[in-house]
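Trainee: my questions concern the predicted model and sequence given below.
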Amino acid sequence: TPKTHRRQRQMCIRDRPTTDAQREVWLASLIDDDVSRTYNEARLLRLSGSLDVDALRHALQYIVDRHDALRATIAADGSAQLIRSDVNVDLPVEPVVVSDASDAVEDKLEGLLSDSIALVFDLEEGPLFRFRAYQLGNDKWAVLLVAHHVVADGWSWAVILDELGEIYSAFASGKEPPKRPRLLYSKYISWLNSPAHIPRAAADEEYWLDLLADKPAEIELPTDRPRPAEKSYVSTSVQHTFDPDLVARLKSAARHLECTVFHLLTASYYAWLYRVTGNSDLVVAVPTAGQMAAGVNELRHADRLVGHCVNMLPIRLTCAGEETFWDFLHRAKADLLDARDHQNVSFNNLITKLQWPRDPSLTPLASVSLNFANDHQVQLAGFDVETQLPSKGYNFFDLTTDMIQGDNELMIDCKFNTDLFDIATIRRWLR
């Protein structure tokens with residue numbers, strides 16, 4: 001409302017335009033609450049040790065104060081974001097009390113997490129993050145961190161988790177955290193709108209419009225139930241962890257094949273899609289970190305940038321049945337490198353300009369997404385810590401496959417639409 005924004009403007013240090021990628025998320029979030037919930041990104045910290053709750057809240061406040069994107073809200077028309085000078089961080093503590101065994105504690109925690117993650121953010125009012133600590137017993141904690149995707153992408157979470165460990169450890173020991181470089185999101189926005197960048201983005205958009213001009217068919221995975229006339233977003237997830245020996249063999253194979261593990265797994269994923277669908281012309285949505293593009297070009301400290309910088313790329317690869325996997329892999333590698341060089345593009349702008357007929361039962365342009373990321377575990381002095389990806393219950397695509405690589409392991413997290421697929425089907429595919 002105008003009154004709300006007058007109050008926000010008195011508190012903010014500056015207004016900045018939203019980026020194309022942010023407007024894409026904002027516009028989708030207006031469709032309904034379930035779509036907005038697909039953009040609620042969460043991390044869960046499992047802690048064993050004596051937690052200093054005040055130090056943790058102080059550390060989270062320090063991070064919000066440090067990164068301007070986390071203090072942003074979106075204007076009613078989506079055209080601007082209001083970056084406030086200060087936003088107070090709250091860290092409620094909720095004991096998880098049950099009358100019987102530890103399994104009951106986990107069951108109750110799962111319900112509490114699901115409810116908290118599913119709460120819809122008010123993009124206009126904010127704040128666009130929330131934190132909560134659950135006390136599970138003596139020196140057992142679960143700390144939930146949730147933020148809307150419009151202010152924090154996957155790269156941002158890696159930065160936040162890295163800084164949280166260092167800053168908490170400093171405050172818990174009565175010290176000030178070390179000064180570290182950063183890049184403000186407002187500076188990134190200025191770079192996106194600079195005369196040097198605009199022609200580059202226009203050329204990248206033209207690259208994708210040419211690539212998709214003949215409208216490849218949608219990927220139609222074999223479903224367990226007929227597709228509803230209107231697309232739904234309710235989902236769950238299944239995780240599978242590769243054993244260290246298999247991960248070592250994957251890395252060895254990538255070296256032998258003269259590619260990265262990302263290239264090898266991506267080519268394998270497309271080959272699998274070809275096998276289960278019979279489609280040889282495949283378009284999969286693959287996110288790429290805008291922080292990498294910014295770092296390659298003019299901006300310093302882009303690796304410490306928190307904000308929504310991700311670009312979703314509609315990667316199109318063809319699988320010819322008579323081609324060897326070696327040949328397909330190296331063609332896929334070349335196409336993936338070419339796509340990365342043209343990553344300054346908005347998924348939604350492509351949908352608008354391609355002007356394809358809309359099917360309300362399908363996600364436009366790509367119904368399947370694939371993401372490859374490094375595992376980021378919080379390091380807290382005096383704690384055993386496990387960082388987890390809790391299920392959020394909603395997903396934008398029919399199937400999203402996150403491949404998360406650690407030092408000696410690879411975890412596959414498959415989020416799938418439960419109106420289309422049974423959990424047994426996804427587990428069979430993962431095998």
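Mentor: Okay, I see it.
Trainee: make it CA atoms for all contacts and neighbour counts henceforth
Mentor: OK.
Trainee: now residue 342: closest residue in space, sequence neighbours ignored.
Mentor: residue 204 (4.7 Å; Cα to Cα, 6 or more residues apart in numbering).
Trainee: ok so the one you found is a strand residue?
Mentor: No: secondary structure of residue 204, determined by DSSP: H, G, I helix; E, B strand; the rest coil: helix, with no strand assignment.
Trainee: contact partners for it?
Mentor: Contacts for residue 204 (Cα atoms under 8 Å, 6 or more residues apart in numbering) come out as 342-345.
Trainee: can I get those residues in CSV with distance to residue 69?
Mentor: Listed next are those as CSV, based on distance: Cα to Cα, whole Å:
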residue, distance to residue 69
342, 25
343, 21
344, 20
345, 20
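Trainee: can you list these in a markdown table and add pLDDT?
Mentor: Shown next, in a markdown table, are those (pLDDT from 0 to 100):
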| residue | pLDDT |
| --- | --- |
| 342 | 94 |
| 343 | 94 |
| 344 | 92 |
| 345 | 93 |
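Trainee: can you map out the strands along the stretch 51-200 of the chain?
Mentor: 72-74, 80-84, 93-95, 129-137, 140-148 (DSSP state E, counting those that start in this stretch).
Trainee: of those strands, which is nearest residue 226?
Mentor: strand 140-148 (31.2 Å; Cα to Cα).
Trainee: of the contacts of residue 204, which is the most crowded?
Mentor: Among these, the one with the most neighbours (other Cα atoms under 10 Å) is residue 344, at 29 neighbours.
Trainee: now do the same contact list for the residue nearest to that one when sequence neighbours are not counted.
Mentor: Excluding its sequence neighbours, the residue lying closest to residue 344 (Cα to Cα, 6+ apart) is residue 201, at 5.1 Å. Going by Cα under 8 Å, 6+ apart, residue 201 touches 342, 344-345.
Trainee: report the secondary structure state of residue 201.
Mentor: Residue 201 ends up helix, using three-state DSSP.
Trainee: any idea how far it lies from residue 305?
Mentor: Distance, residue 201 to residue 305, by Cα to Cα, to the nearest Å: 20 Å.
Trainee: any idea how far the residue nearest to residue 344 is from residue 21?
Mentor: 12 Å.
Trainee: follow-up on the earlier one: the residue nearest to residue 342 and residue 36, how far apart?
Mentor: 28 Å.
Trainee: kindly report the same for residue 75.
Mentor: 16 Å.
Trainee: got it, and residue 213?
Mentor: Residue 213 is 30 Å from residue 36, by Cα to Cα.
Trainee: what about those two, which has more around it?
Mentor: The neighbour comparison of residue 213 against residue 36 (other Cα under 10 Å) goes to residue 36, with 27 against 11.
Trainee: the more buried one belongs to a strand?
Mentor: No: counting by three-state DSSP, residue 36 is located in no strand; its state is helix.
Trainee: who's in contact with it?
Mentor: 28-30, 120-121.
Trainee: one more time with 10 Å, if that's ok
Mentor: 25-30, 118-123, 148-149, 233, 394-396 (Cα atoms under 10 Å, 6 or more residues apart in numbering).
Trainee: who's in contact with the closest residue to residue 277 other than its chain neighbours?
Mentor: Of all residues not flanking residue 277 in the chain, residue 221 sits nearest, at 5.7 Å (Cα to Cα, 6+ apart). The contact partners of residue 221, by Cα under 10 Å, 6+ apart, come to 273-274, 276-279, 367-368, 398-399, 420-421.
Trainee: so which of the contacts of residue 201 is the closest to residue 353?
Mentor: The closest of the contacts of residue 201, once distances to residue 353 are taken by Cα to Cα, is residue 345, at 12.0 Å.
Trainee: my read: that closest one touches residue 311, true?
Mentor: Yes: using Cα atoms under 10 Å, residue 345 is in contact with residue 311, at 6.4 Å.
Trainee: so what's the closest residue in space to residue 81 that isn't next to it in sequence up against?
Mentor: Leaving aside its sequence neighbours, residue 81 sits nearest to residue 74 (Cα to Cα, 6+ apart; 4.5 Å). Counting by Cα under 10 Å, 6+ apart, residue 74 touches 5, 15-18, 22-23, 26, 80-83, 122-126, 128, 150-151.
Trainee: residue 407 now?
Mentor: Counting by Cα under 10 Å, 6+ apart, the residues that residue 407 touches are 244, 247-248, 374-375.
Trainee: looks to me like it is in a strand.
Mentor: No: under the criterion used here (three-state DSSP), residue 407 is coil, not part of a strand.
Trainee: roughly how far does it sit from residue 377?
Mentor: Counting by Cα to Cα, the gap from residue 407 to residue 377 is 11 Å.
Trainee: before we move on, what about residue 187?
Mentor: For residue 187, the distance to residue 377 - Cα to Cα - is 28 Å.
Trainee: give me the low-pLDDT residue ranges for the chain?
Mentor: For the chain, applying pLDDT under 70 flags the ranges 1-13, 100-102, 294-297.
Trainee: now do the helices in it.
Mentor: 2-11, 20-29, 33-37, 53-66, 102-118, 154-172, 185-192, 198-211, 244-256, 261-277, 290-296, 325-340, 347-354, 423-430 (DSSP state H).
Trainee: so residue 225 sits against residue 418, correct?
Mentor: Yes: contact criterion Cα under 10 Å: residue 225 and residue 418 qualify, at 9.5 Å.
Trainee: re earlier: could you redo the contacts of residue 221 as TSV and give each row distance to residue 157 and neighbour count?
Mentor: Formatted as TSV, the contacts of residue 221 follow (distance: Cα to Cα, whole Å; neighbours: other Cα atoms under 10 Å):
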residue	distance to residue 157	neighbour count
273	29	21
274	32	20
276	33	12
277	34	13
278	36	15
279	35	19
367	25	19
368	23	24
398	24	27
399	22	22
420	30	19
421	29	21
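Trainee: quick check: neighbours shared by residue 201 and residue 21?
Mentor: With Cα under 10 Å, 6+ apart, residue 201 and residue 21 have common neighbours 344-346.
Trainee: quick check, nearest of the residues you listed to residue 319?
Mentor: Distances from residue 319 to the shared contacts of residue 201 and residue 21, taken by Cα to Cα, are shortest for residue 345, at 24.9 Å.
Trainee: so who does that closest one touch?
Mentor: By Cα under 10 Å, 6+ apart, the neighbours of residue 345 are 20-21, 200-208, 290, 310-313.
Trainee: buried ones among those residues?
Mentor: 20-21, 201, 204-205, 207-208, 290, 310-313 (16 or more other Cα atoms under 10 Å).
Trainee: before we move on, back to that, any residues in contact with both of residue 345 and residue 311?
Mentor: 20-21, 290.
Trainee: dump those to a markdown table, plus distance to residue 229.
Mentor: Below are the shared contacts of residue 345 and residue 311 laid out as a markdown table (distance: Cα to Cα, whole Å):
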| residue | distance to residue 229 |
| --- | --- |
| 20 | 29 |
| 21 | 28 |
| 290 | 35 |
